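[1] A predicted structure for the sequence below; I have some questions about it.
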Amino acid sequence: MADLFGSPASADAAAQQPAPNRPLADRLRPQSLGEVIGQEQVLGPEAPLGVMLASGSLSSLIFWGPPGVGKTTIARLLAKETDLHFVQISAIFTGVPELRKVFEAAKIRRQNGQGTLLFVDEIHRFNKAQQDGFLPHMEDGTILLVGATTENPSFELNAAVLSRSQVLVLERLSLGALERLTQRAEKELGRALPLSGDARDALHEMADGDGRALLNLIEQVAAWKVEAPLGREALSNRLMRRAAKFDKSGDEHYNLISALHKSIRGSDPDAALYWLGRMLEGGEDPRFLARRLTMMSTEDIGMADPQANTVCLNAWQTYERLGSPEGELALANAAVYLALAPKSNAVYVGIKAARRLAKQTGSAPPPKHILNAPTKLMSEQGYGEGYAYDHDAEDGFSGQNYFPDGVKRPVLYQPVERGFERELKRRNDYFANLRLKRNK
């Protein structure tokens, strides 16, 4: 475990161990930024860190990304490249007294002519007061803060910390990057892994973009004594697949439901089933999915296919009666139906416009001719006077005004030429033309 001043307590011991006895992840730890695999979007010559290092001006940083993509390694190498003393702490294990000691040591270091790069792992776990404690030391140059978080900084970090830092997004390692890491591991081990090409691909899929997880898997595979290369099925039997990243209350929850929603809006049933399956596999509450599917039917399909809402409600009810896993098929049916249904947000746009107009017009009363007059006084005030009963009018349509007096008639509902709404557009245009004739 790292001590408060950044020198890992086990570093000296690890250095004294024979190389083969050290964990593979430690033996393959990059010694320079150029050795880091992946993350070209932040490390390349024209990328943010490349530009900062070239100009000799490094600002405080927040690394946002999933586990095992190099956040700690890059921070350590940044300190090395800039001759800053590296201090590593974890927000999980560090309290206010420990932070004070870190800041005091950094001040002494600064007085002696050396700066400090303070790497804070899981920085989002510090509360607001603790995060505020970094600000004066960042502003006076006592520390250069590099925070690491797996959560969306927009939601988890104070605005004051964010305004003094640059957020850099580190991405899960691609299959190509994982293959390069595998080749590097094989070179260190001095032998190829006993896997077929298909099994090798399966190994990378099991790592799920996490370089550290891949190296742990490689260590297990390298220790096996097998007579012939293993295939995909044999590998899967020997190794457990890494659980897909999914937090039902965190950022990934909203990312995946957004992906499902946009796949349905984009009329892609295969993508809709994939994201629905990802969320179900991750442990999402099927009732939440039923609720969101029903919402999508009203927002993105609406009157283009009024049956869509009924399909979703029936799927929801079916799940309530059958439960999991059988009831989840009803949700899949609904997702496919929505994806292939004609799309229209005309009613969604219309009600939003209507509410904006309602705010602008305030308490403007309805025109008197459409008000009931149950009392003599109300009749004397003109309530109901001049009302035309539509059933008595030609074509069953009077064309009267139903908006408040003084409010210019708006066009709020504009149906599209898709699905059932094509028929509604025809009817809407019919009444609009009649209205013009009646009011000439």
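    All right, it came through fine.
[2] quick one: contacts for the closest residue to Pro365 other than its chain neighbours?
    Take Pro365 and drop its neighbours on the chain: the residue closest to it by Cβ to Cβ, 6 or more residues apart in numbering is Pro404, 6.2 Å away. The C-beta positions use only the backbone N, C-alpha and C, and glycine is treated the same way. Pro404 makes contact with Thr361, Ala364, Pro365, Pro366, Pro367 under the criterion Cβ atoms under 8 Å, 6 or more residues apart in numbering.
[3] burial of the second one, as a residue count?
    Applying other Cβ atoms under 10 Å, we find 13 other residues in the vicinity of Ala364.
[4] Provide the secondary structure category for the residue nearest to it when sequence neighbours are not counted.
    Nearest non-adjacent residue to Ala364, counting by Cβ to Cβ, 6+ apart: Pro404, 3.7 Å away. Following DSSP: H, G, I helix; E, B strand; the rest coil, the label given to Pro404 is coil.
[5] now the phi/psi pair for Pro404, please.
    phi -60, psi 150 (degrees, to the nearest 10).
[6] try Val226
    The phi/psi pair for Val226 (degrees, to the nearest 10) is phi -130, psi 150.
[7] tally up the residues packed near it, please.
    11.
[8] contact partners for the residue lying closest to it once chain neighbours are set aside?
    Leaving aside its sequence neighbours, Val226 sits nearest to Pro194 (Cβ to Cβ, 6+ apart; 4.8 Å). Counting by Cβ under 8 Å, 6+ apart, Pro194 touches Val221, Trp224, Val226, Ala228, Pro229, Leu230.
[9] what ranges does the stretch 1-150 of the chain have for its strands?
    61-64, 85-90, 116-121, 144-149 (DSSP state E, counting those that start in this stretch).
[10] what would those look like in CSV with mean neighbour count?
    Below are these laid out as CSV (neighbours: other Cβ atoms under 10 Å):
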stretch, mean neighbour count
strand 61-64, 24
strand 85-90, 20
strand 116-121, 26
strand 144-149, 25
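[11] among these, which is nearest Gly386?
    Nearest to Gly386 among these is strand 61-64; the distance by Cβ to Cβ comes to 64.6 Å.
[12] related to what we said a few turns ago, for Ser263, find the nearest of the strands of the stretch 1-150 of the chain.
    Among these, the nearest to Ser263 by Cβ to Cβ is strand 61-64 (24.4 Å).
[13] what pairs with the closest one, and is each one parallel or antiparallel?
    According to DSSP bridges, strand 61-64 forms sheet pairs with strand 144-149 (parallel), strand 166-169 (parallel).
[14] and these as JSON lines, adding distance to Leu43 and mean pLDDT?
    Listed next are those as JSON lines, based on distance: least, Cβ to Cβ, whole Å; pLDDT from 0 to 100:
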{"stretch": "strand 144-149", "distance to Leu43": "14", "mean pLDDT": "95"}
{"stretch": "strand 166-169", "distance to Leu43": "10", "mean pLDDT": "94"}
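[15] dump those strands to a markdown table, plus distance to Asn433.
    Shown next, in a markdown table, are these (distance: least, Cβ to Cβ, whole Å):
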| stretch | distance to Asn433 |
| --- | --- |
| strand 144-149 | 59 |
| strand 166-169 | 54 |
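[16] closest to Pro286 out of those strands?
    strand 144-149 (29.7 Å).
[17] so what touches the closest one?
    Contacts to strand 144-149, defined as Cβ under 8 Å, 6+ apart, come from residues 58-64, 71-72, 75, 78, 84, 115-124, 134, 138, 156-157, 161, 164-165.
[18] specify the angle between it and strand 116-121 in degrees.
    10 degrees (axes from the mean of the first three to the mean of the last three Cα atoms, to 10 degrees).
[19] so strand 144-149 versus strand 85-90, what angle?
    Going by the same axes, to 10 degrees, strand 144-149 makes 30 degrees with strand 85-90.
[20] quick one: pLDDT of Ala364?
    Note on Ala364: pLDDT of 89.
[21] quick one: which of the strands of the stretch 1-150 of the chain is nearest Gly302?
    Comparing the strands of the stretch 1-150 of the chain by Cβ to Cβ, strand 61-64 comes nearest, at 36.4 Å.
[22] about what we covered before: make CSV from the strands of the stretch 1-150 of the chain and add distance to Pro325 to it.
    Conversion of those to CSV gives the following (distance: least, Cβ to Cβ, whole Å):
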stretch, distance to Pro325
strand 61-64, 35
strand 85-90, 39
strand 116-121, 38
strand 144-149, 34
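[23] to Leu260, which of the ones you listed lies closest?
    Per Cβ to Cβ, nearest to Leu260 of the strands of the stretch 1-150 of the chain: strand 61-64, 22.7 Å.
[24] ok, residues contacting that closest one?
    For strand 61-64, using Cβ under 8 Å, 6+ apart, the contacting residues are 71, 74-75, 123, 145-153, 157, 161-162, 165-170.
[25] could you flag which of these are buried?
    If you count burial by 16 or more other Cβ atoms under 10 Å, the buried members of these come out as 71, 74-75, 123, 145-153, 157, 161-162, 165, 167-168, 170.
[26] give me the pLDDT value at the residue nearest to Ala364.
    In this model, Pro404 is scored at 92, pLDDT.
[27] and Pro18, by the same measure?
    50.
[28] give the contact list for Glu104.
    Counting by Cβ under 8 Å, 6+ apart, there are no residues that Glu104 touches.
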